[in-house]
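J.: Need a 3D model of the sequence below.
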Amino acid sequence: MDGNPYAPPTAAVADLAPVGLERRGILVMIALTLVTLGLYYPIWFLRRLDALNDLHSRMKLPRWPFVVALAAFVVELIVDVADGLGGGSLIGRGPATFLTVVRLAFSLLLLLHCYLVKDILEDHLATFGKSVKLSRAMIFFFQIYYLQYVINRDVVGSSATAA
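T.: Okay, the predicted model is just below:
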């Protein structure tokens, strides 16, 4: 036997953060949201989807809501830019109202998925003995920015300190 018999065992420890979840600056995320005119919001989900689904939770995120939301945001952005260049009457009042309703519906769908991510993160952290309860109010007001803050603090931050 080599070494100290009283030393702790050197077994591999499960990592709290699977590949794909990494630390992101919240201010950078806000800047990306502004620069991309809101397109970053569904992109945030798509970029983390596989890593979130790899977490220790019985709940999983489907891909289709984020792809469809991104497509709807792109169509609305193109129409808004074309409408602005065309003097504001390119598509008419009815289709413009319809696009606004579609955007609102997908915004609500993405908000609901923020709450699903909340549940996934809580399940995952509970698996490792961390009793973390995320704030529903913070998710309502700050959405992906609060979720990324929790990922930075509890998932990615804790993988470096896992023993």
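
J.: Going by C-alpha atoms from here, please, whenever you check contacts or count neighbours.
T.: Fine.

J.: separation between Ala71 and Ile43?
T.: For Ala71, the distance to Ile43 equals 11 Å [Cα to Cα, to the nearest Å].

J.: Mutual contacts of these two, please.
T.: Counting by Cα atoms under 8 Å, 6 or more residues apart in numbering, Ala71 and Ile43 have no common neighbour.

J.: Can you report how many residues neighbour Lys133?
T.: 13 (other Cα atoms under 10 Å).

J.: in the protein, which spans are helices?
T.: 26-35, 40-53, 64-85, 93-127, 136-142, 144-150, 157-159 (DSSP state H).

J.: Export the ones you listed to JSON lines and append columns for mean pLDDT and mean neighbour count.
T.: Listed next are the helices of the chain as JSON lines, based on pLDDT from 0 to 100; neighbours: other Cα atoms under 10 Å:
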{"stretch": "helix 26-35", "mean pLDDT": "95", "mean neighbour count": "14"}
{"stretch": "helix 40-53", "mean pLDDT": "92", "mean neighbour count": "18"}
{"stretch": "helix 64-85", "mean pLDDT": "83", "mean neighbour count": "16"}
{"stretch": "helix 93-127", "mean pLDDT": "89", "mean neighbour count": "17"}
{"stretch": "helix 136-142", "mean pLDDT": "95", "mean neighbour count": "13"}
{"stretch": "helix 144-150", "mean pLDDT": "95", "mean neighbour count": "20"}
{"stretch": "helix 157-159", "mean pLDDT": "59", "mean neighbour count": "16"}
